[in-house]
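Asker: Sharing a model that was predicted from the sequence below.
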Amino acid sequence: MKRNLTFEEISDGKRYSSSDLAKIGCGDCAGCFECCKVTEDTIHLDPYDIYSLSAGLGHSFAELMGSSVNLTVVDGVVTPYLTKRESDGVCGFLSKEGRCTIHEFRPGFCRLFPLGRIYNDDGSFDYFIQVHECPYPAKTKVKIKSWLGIPSLSRYEAFVRAWHEITANIRDCADENPALTKEANLRMLKVFFETPYNTEEDFYTQFEERVVIYQGA
């Protein structure tokens, strides 16, 4: 997502790798769930998130769309997101006790928070701390790799880079060629989201196969 703020305004000015320690530990939230209260359409979902939610909940993308997922447009890219609960506006997967009911397979956006990613010209990225996002005091240092809690992190990070490139290409033509952007968005939705994943098989292999299909369409 494009921001109108400088890196220095939103961070501590440092860039981190997944092997670094960062001051983001919050004692497993210790009963705090501020970040789950006002989600609106900000918890964006990528193909890995849909795969994980499908595996964890036993629902396809189409079924998730009918219950807990909707679509928005971010910088010209059609993007799935987790919907909020109508009664109080909090994340639909937050329990009455203020705990995440999908924590084991929560989206990457939630795993990352309060970290963000900043991309470099060569397509690589670094992590950074969003210093104004989490109100929890006296944070402790945690290794980012542990904070994310994602198996095969190197494969996941390779996926993140590939997905960023795909969506960046759509964003780049959003203003110049609306018709082409619409076509790319529809193709992207069909290939990477609407076509069900086999949750019994490796996600990354399926994603790589879909990249070939998407680029060859």
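Answerer: Perfect, thanks for sending it.

Asker: Going by C-alpha atoms from here, please, whenever you check contacts or count neighbours.
Answerer: OK.

Asker: Have a look at this structure and report its longest helix.
Answerer: Determined from DSSP state H, the single longest helix within the chain is helix 153-172.

Asker: Starting from that helix, tell me the next helix or strand along the chain.
Answerer: The helix or strand immediately downstream of helix 153-172 is helix 178-189, counting by DSSP states H and E.

Asker: same question for that next one, mean pLDDT?
Answerer: Mean pLDDT, helix 178-189: 95.

Asker: Centre-most residue in the protein?
Answerer: Residue closest to the average C-alpha location in the chain (Cα atoms, centre = their mean): residue 109, at 3.7 Å.

Asker: what's the closest non-adjacent residue to that one?
Answerer: Distances taken as Cα to Cα, 6 or more residues apart in numbering place residue 43 nearest to residue 109, at 6.1 Å, with adjacent residues excluded.

Asker: Flag every buried residue along whichever helix or strand residue 63 is part of.
Answerer: Using DSSP H and E, residue 63 sits in helix 61-65. Neighbour counts using 16 or more other Cα atoms under 10 Å place 61, 64-65 of helix 61-65 among the buried residues.

Asker: I'd say residue 199 and residue 55 touch.
Answerer: Yes. Counting by Cα atoms under 8 Å, residue 199 sits close enough to residue 55 to count as a contact (5.4 Å).

Asker: Quick check: mean pLDDT of the helix holding residue 63?
Answerer: Per-residue scores along helix 61-65 average to 96.

Asker: In terms of secondary structure, what does that helix contact?
Answerer: On a contact count with 3 or more Cα pairs under 8 Å, 6 or more residues apart in numbering; DSSP states H and E, helix 61-65 meets no helix or strand.

Asker: Report the distance from that helix to the chain centre.
Answerer: Taking Cα atoms, centre = their mean, to the nearest Å, one finds helix 61-65 lying 17 Å from the centre of the chain it belongs to.

Asker: likewise stretch 204-217?
Answerer: Distance of stretch 204-217 from its chain centroid, counting by Cα atoms, centre = their mean, is 19 Å.

Asker: likewise stretch 9-24?
Answerer: Taking Cα atoms, centre = their mean, one finds stretch 9-24 lying 18 Å from the centre of the chain it belongs to.

Asker: same thing with stretch 37-46?
Answerer: 9 Å.

Asker: Using PDB, write out the CA atom coordinates for that stretch.
Answerer: Presented in PDB, the C-alpha positions along stretch 37-46 are these (Å, rounded to 0.1, in the frame of the first residue of the first chain):
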ATOM      1  CA  LYS A  37     -10.900  -3.300  17.200                       C
ATOM      2  CA  VAL A  38     -10.900  -1.000  14.300                       C
ATOM      3  CA  THR A  39     -10.000  -3.200  11.300                       C
ATOM      4  CA  GLU A  40     -12.300  -1.700   8.600                       C
ATOM      5  CA  ASP A  41     -10.900  -3.100   5.400                       C
ATOM      6  CA  THR A  42      -7.200  -3.100   6.400                       C
ATOM      7  CA  ILE A  43      -6.500  -6.800   7.000                       C
ATOM      8  CA  HIS A  44      -5.600  -7.500   3.400                       C
ATOM      9  CA  LEU A  45      -5.300 -11.200   2.400                       C
ATOM     10  CA  ASP A  46      -2.900 -12.700  -0.100                       C
END
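
Asker: List the buried residues of that stretch.
Answerer: So, applying 16+ other Cα under 10 Å, buried residues of stretch 37-46: 37, 39, 41-46.

Asker: Need the worst-confidence member of those.
Answerer: Of all the buried residues of stretch 37-46, residue 39 has the smallest pLDDT value, namely 63.
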